[in-house]
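Curious how this folds, go ahead:
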Amino acid sequence: MTVKHNSVLRTTFQAGSVSVDAEVHYVGELVTRLEKALGYYQESDEQAEADMGAAGDAPADSKGYGEG
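Residues are numbered from 1 along each chain as shown. The predicted structure is shown next:
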């Protein structure tokens, strides 16, 4: 191998390394944002479940929302 060939290989591997590092950063950020979004979804789901449970515990003769 020549010195020039080694230089080309080194440059190629460095560029590949930068690309892989960028992908790792991107995927890490994507996972963080998805976890956050799913957390909001889960919290909303749990709140809806609690609200539905509370509505189910209302006395049978109570009127619904807007009925007065």
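
Check the gap between residue 37 and residue 43 for me.
Residue 37 sits 11 Å away from residue 43, taking Cβ to Cβ, to the nearest Å as the criterion. C-betas here are computed from N, CA, C, even on glycine.

how close does the most centrally placed residue in the chain get to residue 10?
Relative to the mean C-alpha position of the chain, the nearest C-alpha, by Cα atoms, centre = their mean, is the one of residue 34, at 0.4 Å. For residue 34, the distance to residue 10 equals 36 Å [Cβ to Cβ].

One more: residue 3?
10 Å.

related to what we said a few turns ago, how much space between the residue nearest to the centre of the chain and residue 42?
In terms of Cβ to Cβ, residue 34 sits 12 Å off from residue 42.

just residue 12 next, same as before
45 Å.

What of residue 31?
Applying Cβ to Cβ to residue 31 and residue 42 gives a distance of 16 Å.

Now do stretch 30-43: distance to the chain's middle.
Taking the mean of its C-alpha atoms, stretch 30-43 sits 4 Å from the chain's own mean (Cα atoms, centre = their mean, to the nearest Å).
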